[in-house]
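A.B. asks: here is my input, please return the structure:
(chains A, B, C and D)
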Number of protein chains: 2
Amino acid sequence: MGRPRTYSRDVVLEKAMSLFWRNGYKATSVSDLVRETGLNTASMYKEFGGKDGLFLEALEYYRDHVIRPRYKILIDNPNLSGVEMFLRNVMTGAAKAEYKGCLMMNHLAQKHVISADAAKQVGAFCAEIESLIENALRNAQSEGGIGLDKDPKQLASFVVFSVHGAVLYGRHENKKDVIPSFYDTLMGALRH
Amino acid sequence: MGRPRTYSRDVVLEKAMSLFWRNGYKATSVSDLVRETGLNTASMYKEFGGKDGLFLEALEYYRDHVIRPRYKILIDNPNLSGVEMFLRNVMTGAAKAEYKGCLMMNHLAQKHVISADAAKQVGAFCAEIESLIENALRNAQSEGGIGLDKDPKQLASFVVFSVHGAVLYGRHENKKDVIPSFYDTLMGALRH
DNA sequence: GTTATTTTAAAGTGATTATTTTAATATATG
DNA sequence: CATATATTAAAATAATCACTTTAAAATAAC
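C.D. replies: Okay, the predicted model is just below:
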């Protein structure tokens, strides 16, 4: 009952995500959000509670619709080749001209500017990837892909650390051509 | 002649730098800046032209007073041990609890929010470090510290890429203990 | 078709944003 | 001591900030 809404929740979240991704939480205003999403101000507060709530849901949307398909590769291939493919994807992505970084990791450099809930979400997101990679590396080790002297947990942290590097380094407009070469250097570090 | 200023330019820049470092450009307001530095609003605009100008000078202050002493180690030791010491410093720094990242690299994730001049400054800063490391690695190669099959320029990019990783990854409050171990993994990647 | 319910459009909220202006204050020079 | 010069304090600016309120509009149930 009542007047039907004219907006699609997913369309709104998709557009809000894009804005937060490109400009960051602080530099994205509520008027930017309502203008770009088409969502009415009152409806935005009714639906998401405010800018913080919309940001939090945009983070979840990003995780579920942008990143989850990307690390499906790690779930389907929980082994060394899964890690290889994942890391190669990250590096080729970061080498693209219009690279925007990662919505989550971008906000690590502005952690105290976002809400505590949002910061927690960012941490959980990175931990989730790290544990997927750890699992893959553990399998890789038992298959002989990486040496028994290695610590899969530590190596998984190192891989995610490298992803963080790509997220920031990929923002340099020059330097784009060298990024894919990091893939080989990193995989060498995993094996040796 | 005229009324003497009651502020010290360096003290103002030091405090402004701290604010921008901790909160980022966008989340640091002019009223924050005048309150914290003690500098009067009118004097701020007279001396620095505005928030953008103050930020730009804070970046320069950071480069000259915070980072330059840190990569003096690369100038005094333009070889493999210089790179080792530099990288170890970065990793132990990023592992500290109160780690704030790098004022310059922090703003890579919010590049379009800062002025074009500031963004250029950030790029030049990273390029400067990269060329110092390249020089050190070139010497390391002729001294036999790293193999002749390696490309010093590419390795230097990889090292700076790793510094970017530390800057972001170091913002995770948990995960602090694993960061120093990345040093060994990275140095292994340089040698092998 | 009335009523209850929900969303919309649009104006209004006070606080904060970066920046400017006005006038008082403090010094160096003549 | 007067004057020129520069910095100060403090008020004023218009724009934007996140957010709220009011009332019109559109539907479902009765």
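
A.B. asks: quick check, A:N23 in contact with B:I114.
C.D. replies: No. Judged on C-beta atoms under 8 Å, A:N23 makes no contact with B:I114 at a distance of 11.8 Å. For the C-beta atoms, the positions are set from N, CA and C on the backbone; glycine is no exception.

A.B. asks: please name every helix or strand in contact with whichever strand or helix holds A:R68.
C.D. replies: Here A:R68, judged by DSSP states H and E, is contained in helix A:68-76. When contacts are defined as 3 or more C-beta pairs under 8 Å, 6 or more residues apart in numbering or on different chains; DSSP states H and E, helix A:68-76 packs onto helix A:80-94, helix A:116-142.

A.B. asks: any idea of the pLDDT on A:H192?
C.D. replies: The score at A:H192 is 81. That number is its pLDDT.

A.B. asks: show me the contacts for it.
C.D. replies: B:G188, B:A189, B:H192 (C-beta atoms under 8 Å, 6 or more residues apart in numbering or on different chains).

A.B. asks: JSON lines for these, including distance to B:N89?
C.D. replies: What follows is those, written out as JSON lines (distance: C-beta to C-beta, whole Å):
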{"residue": "B:G188", "distance to B:N89": "18"}
{"residue": "B:A189", "distance to B:N89": "18"}
{"residue": "B:H192", "distance to B:N89": "23"}
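
A.B. asks: for DNA strand C, what's the nearest residue on chain A?
C.D. replies: Closest residue of chain A to DNA strand C, C-beta to the nearest atom of the strand: A:G2 (2.0 Å).

A.B. asks: count of neighbours near that residue?
C.D. replies: 4 (other C-beta atoms under 10 Å in any protein chain shown).

A.B. asks: just want the residue of chain A that's nearest chain B.
C.D. replies: A:G165 (2.9 Å; C-beta to the nearest C-beta).

A.B. asks: which of the contacts of A:H192 fall in helices?
C.D. replies: Those of those mapping onto helices are B:G188, B:A189, per DSSP state H.

A.B. asks: of the contacts of A:H192, closest to chain A?
C.D. replies: B:A189 (4.0 Å).

A.B. asks: what sits against that closest one?
C.D. replies: A:T185, A:L186, A:G188, A:A189, A:H192, B:F158.

A.B. asks: could you work out the most separated pair of these?
C.D. replies: Farthest apart among the contacts of B:A189 by C-beta to C-beta are A:H192 and B:F158. That separation is 14.6 Å.

A.B. asks: before we move on, the earlier item: tell me which residues touch the residue nearest to the residue of chain A closest to chain B when sequence neighbours are not counted, please.
C.D. replies: Spatial nearest neighbour of A:G165, chain neighbours left out: B:G165 (2.9 Å); criterion: C-beta to C-beta, 6 or more residues apart in numbering or on different chains. Residues near B:G165 by C-beta under 8 Å, 6+ apart: A:F161, A:S162, A:V163, A:H164, A:G165, A:A166, A:L168, A:Y169, B:F182.

A.B. asks: among the residues you listed, name the ones in helices.
C.D. replies: A:F161, A:S162, A:V163, A:H164, A:G165, A:A166, A:L168, A:Y169, B:F182.

A.B. asks: for the residues you listed, pick the one with the most neighbours.
C.D. replies: A:Y169 (32 neighbours).

A.B. asks: so A:Q110: helix, strand or coil?
C.D. replies: Three-state assignment for A:Q110 (DSSP: H, G, I helix; E, B strand; the rest coil): helix.

A.B. asks: what about the spatially closest residue to A:Y183 that is not a sequence neighbour, neighbour count?
C.D. replies: Excluding its sequence neighbours, the residue lying closest to A:Y183 (C-beta to C-beta, 6+ apart) is A:M91, at 4.6 Å. Applying other C-beta under 10 Å, we find 23 residues neighbouring A:M91.

A.B. asks: what of A:G93?
C.D. replies: A:G93: 17 surrounding residues under other C-beta under 10 Å.

A.B. asks: what's the answer for the one 4 residues further on, then?
C.D. replies: Burial of A:A97 is recorded as 6 neighbouring residues (other C-beta under 10 Å).

A.B. asks: list the contacts of it.
C.D. replies: A:A97 sits in contact with A:E173, A:K176, where contact means C-beta under 8 Å, 6+ apart.

A.B. asks: how far away is it from A:E173?
C.D. replies: 8 Å (C-beta to C-beta, to the nearest Å).

A.B. asks: the helix holding A:R68 vs helix A:80-94, what angle?
C.D. replies: Counting by axes from the mean of the first three to the mean of the last three C-alpha atoms, to 10 degrees, helix A:68-76 points 160 degrees away from the direction of helix A:80-94.

A.B. asks: and the residue most central in space within chain A, what's its pLDDT?
C.D. replies: Nearest to the geometric centre of chain A sits A:C102, at 4.3 Å (C-alpha atoms, centre = their mean). Here, the pLDDT recorded for A:C102 equals 98.

A.B. asks: over to A:N40: give its phi and psi.
C.D. replies: Main-chain dihedrals, A:N40, degrees, to the nearest 10: phi -70, psi 150.
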